[in-house]
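Student: coordinates only, no sequence provided:
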């Protein structure tokens, strides 16, 4: 649980970075869910934060990108969202799937600001009984692991429902961040690694968590911007900062530079950064960050965006996706083209 403990500090302030202030509270009336079993029923659209059969915030486009948008309905993205159940004083270990406030918070933060980066494809983002944020740092490890198991059970059921009712043979992209990536690692192992479904995997963007290079038998890190059937991921920190939990890691994890899409340690200047989407969704910050792989993490000089003067943390976990928002969009497009050509 060491990594979970030390990642906690940044996770709990994720909402301030995504501008998901209590403004989302005015939308609570839109969320009137009721599950008599307290479990998500994925046959009902309300238990999907994003689904092509309904309008969702994942469909949103930053204004500067609207003229160049091209929808590709031939490829699906299965998006596993990060922790939004951040109330450590809540005695529940897992979120209430019918919590109106939490569902609104999820949609107006990660679904809007992260899942939308993949919206040239059809997006499926299931709601799930996510583990409370304290599960990453508690001493009650048995309770914590049980909470993660329950959360994964929901996502596994959602993915199976997606395969049975929605996929229809389409290529798949797995995309995730933070707790979503904790579960994506298991999902990839169970459904893709050494399984026939691996042939349908365009790529897996498993961002914000440690994933050992030897975690899988057949799935390997992507080595360039066009390789398919492979894994992509990074954890972002300020240059020259290496937290203790990273120093303590004994295994090599896969790290991708999202400005070059390679896993070498060459420096990528910020002029390769095509745009970040940060505190204001319709305002894109060009050249917001550079990037260089250092050991198991990605190092960045302090990002530049409106208000960045007040951004003093050395852990950029909350911006793993948003700092490279446009680069991710373009890479998804490029990998899909390479997959189809292959």
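Tutor: Yes, it's here. Not measured: the values here are computed from a predicted model.

Student: C-alpha from now on. contacts and neighbour counts both.
Tutor: Noted.

Student: give me the below-cutoff pLDDT ranges for this structure.
Tutor: Applying pLDDT under 70 to the chain flags residues 1-22.

Student: I'd like the next helix or strand past the helix or strand harbouring residue 79.
Tutor: Residue 79 is part of strand 76-80, with elements assigned from DSSP states H and E. Beyond strand 76-80 on the C-terminal side, the first helix or strand identified by DSSP H and E is helix 100-106.

Student: contacts for that following helix?
Tutor: Applying C-alpha atoms under 8 Å, 6 or more residues apart in numbering, the contact partners of helix 100-106 are 20, 24-25, 27-29, 31-33, 49, 84-85, 97, 127.

Student: tabulate those (JSON lines), appending neighbour count.
Tutor: Below are those laid out as JSON lines (neighbours: other C-alpha atoms under 10 Å):
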{"residue": "20", "neighbour count": "21"}
{"residue": "24", "neighbour count": "18"}
{"residue": "25", "neighbour count": "15"}
{"residue": "27", "neighbour count": "15"}
{"residue": "28", "neighbour count": "15"}
{"residue": "29", "neighbour count": "10"}
{"residue": "31", "neighbour count": "15"}
{"residue": "32", "neighbour count": "11"}
{"residue": "33", "neighbour count": "14"}
{"residue": "49", "neighbour count": "25"}
{"residue": "84", "neighbour count": "24"}
{"residue": "85", "neighbour count": "23"}
{"residue": "97", "neighbour count": "20"}
{"residue": "127", "neighbour count": "25"}
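
Student: quick check: the farthest pair among those?
Tutor: Pairwise distances across the contacts of helix 100-106 (C-alpha to C-alpha) peak at 21.0 Å, for the pair 20 and 33.

Student: check contacts around the nearest residue to residue 62 once chain neighbours are set aside.
Tutor: Once flanking residues are discounted, residue 62 sits nearest to residue 282: 4.4 Å by C-alpha to C-alpha, 6 or more residues apart in numbering. Shown in contact with residue 282 (C-alpha under 8 Å, 6+ apart): 61, 62, 63, 64.

Student: buried among the residues you listed? Make that a ChimeraX selection.
Tutor: The buried residues among the contacts of residue 282 can be selected in ChimeraX (16 or more other C-alpha atoms under 10 Å) with this line:
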select :61,62
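
Student: redo the contacts of residue 282 as TSV? Include secondary structure.
Tutor: Shown next, in TSV, are those (DSSP: H, G, I helix; E, B strand; the rest coil):
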residue	secondary structure
61	coil
62	coil
63	helix
64	helix
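
Student: quick one: which of the contacts of residue 282 is nearest to residue 148?
Tutor: If you rank these by distance to residue 148 using C-alpha to C-alpha, residue 61 comes first, at 31.9 Å.

Student: if I pick the closest one, what's in contact with it?
Tutor: Applying C-alpha under 8 Å, 6+ apart, the residues contacting residue 61 are 116, 282.

Student: please apply the same query to residue 130.
Tutor: Applying C-alpha under 8 Å, 6+ apart, the residues near residue 130 are 83, 85, 94, 95, 147, 148, 150, 151.

Student: which phi and psi values does the closest residue to the first one other than its chain neighbours adopt?
Tutor: What that stands for is residue 83. Nearest residue to residue 83, sequence neighbours excluded (C-alpha to C-alpha, 6+ apart): residue 179, at 5.6 Å. Residue 179 adopts backbone torsions of phi -60, psi -30, taken as degrees, to the nearest 10.

Student: and residue 179, how far from residue 34?
Tutor: According to C-alpha to C-alpha, to the nearest Å, residue 179 and residue 34 sit 25 Å apart.
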